[in-house]
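**Q** the sequence and its predicted three-dimensional model are supplied below.
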Amino acid sequence: MKYMLLKTYAPAEYCDTPITEWTPEEIAAHIDFQRMLGEQLRDSGELVDAQGLAYPDQARVVSSDGRSAPVVTDGPFPETKEFLAGYWIVDVDTPERAVAIAAQASAAPGPGGKPIGERIEVRQVMDAPAVDS
């Protein structure tokens, strides 16, 4: 079963200090944690993909009627304090394993090296519905 674990940039359960106010060492420790988690998942064969995403001010929203030029606008909420910061896609045997990985990601270090309690959304990647012939 594949799951997408969504990492949202927002105040976390145990840390409401924006990352822009962390020390360079705290940011480095947080990024090192993310890299190590990715390596662990790759080594276990569970990692499908993991990426960090650009800030919302670099996002574009595209809509099209399929006939004329698409309408492209800046990201939807440039003033927001919450946004999708990245994701992991994992291929695991059970939903419980996806939750365990999310819990590990949630405990990423923040200021003072303490776990921040980040909220990680766990969503199963669905198969396309069967098409009757």
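**A** Thanks, I have the structure now.

**Q** what ranges do the strands span in this structure?
**A** 2-9, 47-52, 60-63, 71-74, 83-91, 120-124 (DSSP state E).

**Q** which strands or helices does the longest one pack on?
**A** It stands for strand 83-91. strand 2-9, helix 24-43, strand 47-52, helix 95-106 (3 or more CB pairs under 8 Å, 6 or more residues apart in numbering; DSSP states H and E). Backbone N, C-alpha and C define where each C-beta goes, glycine included.

**Q** now these as a markdown table including mean neighbour count?
**A** Below are the helices and strands packed on strand 83-91 laid out as a markdown table (neighbours: other CB atoms under 10 Å):
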| stretch | mean neighbour count |
| --- | --- |
| strand 2-9 | 19 |
| helix 24-43 | 14 |
| strand 47-52 | 14 |
| helix 95-106 | 16 |
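
**Q** circling back to that earlier point, adding mean pLDDT and distance to T23, write the strands of the chain out as JSON lines.
**A** Formatted as JSON lines, the strands of the chain follow (pLDDT from 0 to 100; distance: least, CB to CB, whole Å):
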{"stretch": "strand 2-9", "mean pLDDT": "94", "distance to T23": "18"}
{"stretch": "strand 47-52", "mean pLDDT": "95", "distance to T23": "20"}
{"stretch": "strand 60-63", "mean pLDDT": "87", "distance to T23": "33"}
{"stretch": "strand 71-74", "mean pLDDT": "87", "distance to T23": "31"}
{"stretch": "strand 83-91", "mean pLDDT": "93", "distance to T23": "19"}
{"stretch": "strand 120-124", "mean pLDDT": "96", "distance to T23": "24"}
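
**Q** of the ones you listed, which is nearest T20?
**A** Relative to T20, the nearest member of the strands of the chain by CB to CB is strand 2-9, separated by 10.7 Å.
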